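Asker: just the structure for this:
(4 chains)
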Number of protein chains: 2
Amino acid sequence: MITYAQTISPSEETNAERIVAVLRDEIVRLVLKPGDPVSESEMAVRFGVSRQPVREALIRLAEAGLVSVQARKATRVVRISEKSVLNAKFIREALEVEIMRRAAGLAQPHWRDVLEPLLEQQAVAVLAKDLRTFHALDDAFHRKIAELCEVEFVWDLIDAQKAQLDRVRYMTLDAAIDINLIEHREIAQAIYDRDAGAAETALRNHVGKITSHLALGRQRLPDYFAPK
Amino acid sequence: MITYAQTISPSEETNAERIVAVLRDEIVRLVLKPGDPVSESEMAVRFGVSRQPVREALIRLAEAGLVSVQARKATRVVRISEKSVLNAKFIREALEVEIMRRAAGLAQPHWRDVLEPLLEQQAVAVLAKDLRTFHALDDAFHRKIAELCEVEFVWDLIDAQKAQLDRVRYMTLDAAIDINLIEHREIAQAIYDRDAGAAETALRNHVGKITSHLALGRQRLPDYFAPK
DNA sequence: GCCCCTAAACTGGTATGGAAGATTGTCGAA
DNA sequence: TTCGACAATCTTCCATACCAGTTTAGGGGC
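Answerer: Sure, this is the predicted structure:
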């Protein structure tokens, strides 16, 4: 399902769509902090529009699980909960394991020419300690694998789930990205070798790292988390 | 006697939410047909409210991929496309295979007492050729497995995906449900045996059947499908 | 008949005001 | 001080009006 969450004609972006994009980005990057209220009227002033398009943007964000609308009370950025993060991890892992199996089955020699440059760029980002670039390249690597085996649509869904995970990732930006790169190389190698089992194992190990980020994030910024 | 007023629900349903529920149901059950226009003002009259809550309901349905909003042109029930159905199948399969592996690993003897009654009820429905009841029990069986291994949340996501598949299912209600039941028994047995491989195989076979429904549905009601 | 143009009648997008509920702060009484 | 009543002020939800495109219906010219 569809892959287009925004089913409005591509010709001209509406105000509501623009606002969705901006707020989504700010929520994931923790500019808007978990628990923060997001008032319709306040955002209306900020974006220079009436409350209506803001309201519709917030409805969309609520559907995506990024804000919580409490009728006649308040709209807030949802707090991170251990459960929702682990749920998102389960779903991402399930979907991407399937992608790995498929990739290992379909791998072509020329895939190496596509994936290796991404890994090279990641290596540069690691040396430069450029965390934001690395994370963007991280996503690009995973998405490219899906694209190569023609299931890119799955990543549209993973993206939606990943909003939960990404907030945790932004809380621990200093994470050991060099290890991340090593894991990416393992995944790539398993695919080149058409070894589905190895690809699955490498991926599960890779995705599983989020749990340690979770613990670290909770320790650093407990206010961003929902009470247990 | 003290009676606890049921009317004090934790969150009183808003008009928009009520409308979402009604329209979603009508779309999945093909009461609103793929391609049908869903006019805001028309629905406003029907539900006895203004355009606003209808509009917000349609935004939610658009996010779920059930309607398509074309700015200043029309809002329509999205046609079924082969691609979107197969995409939904891929996602459901990936998620539920992971559930099967988990179920096979965690299976307890008492699970039999939970699942077998469902299968018995399904057998009754098969004999009575009661297709709607069978499909409801079908969903209940799959969801119960997820619940038993504590990942019921995954089924909330599968449900969203399944809206696409269910419309096809409603087009072919006379499908061979007796075979469906046999497949359910295979899945259950594999779980009782804690045989993850067998459970996975059985499930993939089971879910794969949608492709034949797809061909049959397209043959019967070509207007409901998007042009290739 | 056929075509083109235009105006009326749609469509969804936005602005604004008000209703209903929840929160907050103030004031007064014990 | 502590607590409760109450009003001011928040919030989201809904109704109404208007705006801007799009489609369609109906003439008029050929």
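Asker: which elements pack onto the helix or strand containing A:Arg169?
Answerer: Per DSSP states H and E: A:Arg169 is located in helix A:152-171. For helix A:152-171, the packing partners by 3 or more Cβ pairs under 8 Å, 6 or more residues apart in numbering or on different chains; DSSP states H and E come out as helix A:15-28, helix A:82-106, helix A:131-148, helix A:210-220, helix B:82-106. Every C-beta, even on glycine, is put in place using the N, C-alpha and C of the backbone.
Asker: mind doing that once more with 10 Å?
Answerer: When contacts are defined as 3 or more Cβ pairs under 10 Å, 6 or more residues apart in numbering or on different chains; DSSP states H and E, helix A:152-171 sits against helix A:15-28, helix A:82-106, helix A:131-148, helix A:210-220, helix B:82-106, helix B:153-171.
Asker: tell me the helix or strand right after the lowest-mean-pLDDT helix or strand in chain A.
Answerer: Among the helical and strand segments of chain A, the one scoring lowest on mean pLDDT, DSSP states H and E is helix A:152-171, with a mean of 88. Under the assignment DSSP H and E, the closest C-terminal helix or strand after helix A:152-171 is helix A:177-192.
Asker: quick check: mean pLDDT across that following helix?
Answerer: Averaging pLDDT along helix A:177-192 gives 96.
Asker: give me the angle between that helix and helix A:82-106.
Answerer: Orientation note: helix A:177-192 sits at an angle of 40 degrees relative to helix A:82-106 (axes from the mean of the first three to the mean of the last three Cα atoms, to 10 degrees).
Asker: close to DNA strand C: what parts of chain A are there?
Answerer: Proximity of chain A to DNA strand C, by Cβ under 7 Å from any atom of the strand, involves residues A:Ile8, A:Thr14, A:Asn15, A:Ala16, A:Val49, A:Ser50, A:Arg51, A:Gln52, A:Pro53, A:Glu56, A:Arg72, A:Lys73.
Asker: filter those down to the buried ones.
Answerer: A:Ile8, A:Thr14, A:Asn15, A:Ala16, A:Val49, A:Pro53, A:Glu56 (16 or more other Cβ atoms under 10 Å in any protein chain shown).
Asker: which two in those are spaced the farthest apart?
Answerer: Spanning the widest gap among these are A:Ile8 and A:Val49, at 16.2 Å by Cβ to Cβ.
Asker: can you give me the buried ones in stretch A:73-90?
Answerer: Quick answer for stretch A:73-90 (16+ other Cβ under 10 Å): A:75-80, A:84-90.
Asker: what's the end-to-end length of it?
Answerer: 32 Å (Cα to Cα, to the nearest Å).
Asker: so does it get close to chain B?
Answerer: Yes: contact between stretch A:73-90 and chain B is present through A:Lys73, A:Lys83, A:Ser84, A:Leu86, A:Asn87, A:Ala88, A:Phe90 (criterion: Cβ under 10 Å from any Cβ of the partner chain).
Asker: what mean pLDDT does that stretch get?
Answerer: The predicted model assigns stretch A:73-90 a mean pLDDT of 94.
Asker: close enough to count as contact, A:Ser84 and A:Ser68?
Answerer: No: using Cβ atoms under 10 Å, A:Ser84 is not in contact with A:Ser68, being 11.5 Å away.
Asker: so what's in contact with those two at the same time?
Answerer: A:Val78 (Cβ atoms under 10 Å, 6 or more residues apart in numbering or on different chains).
Asker: ok, back up a step: which of the residues of chain A next to DNA strand C fall within strands?
Answerer: Applying DSSP state E to those, no entry is found in strands.
Asker: out of the residues you listed, which is nearest to A:Ala199?
Answerer: For those, the nearest to A:Ala199 is A:Ile8 (37.7 Å; Cβ to Cβ).
Asker: for the residue nearest to the spatial centre of chain A, give me its contacts.
Answerer: Among the residues of chain A, the one closest to the centroid is A:Lys162, at 3.2 Å (Cα atoms, centre = their mean). Contacts for A:Lys162 (Cβ under 10 Å, 6+ apart) come out as A:Val28, A:Ala88, A:Lys89, A:Ile91, A:Arg92, A:Asp139, A:His142, A:Trp155, A:Arg169.
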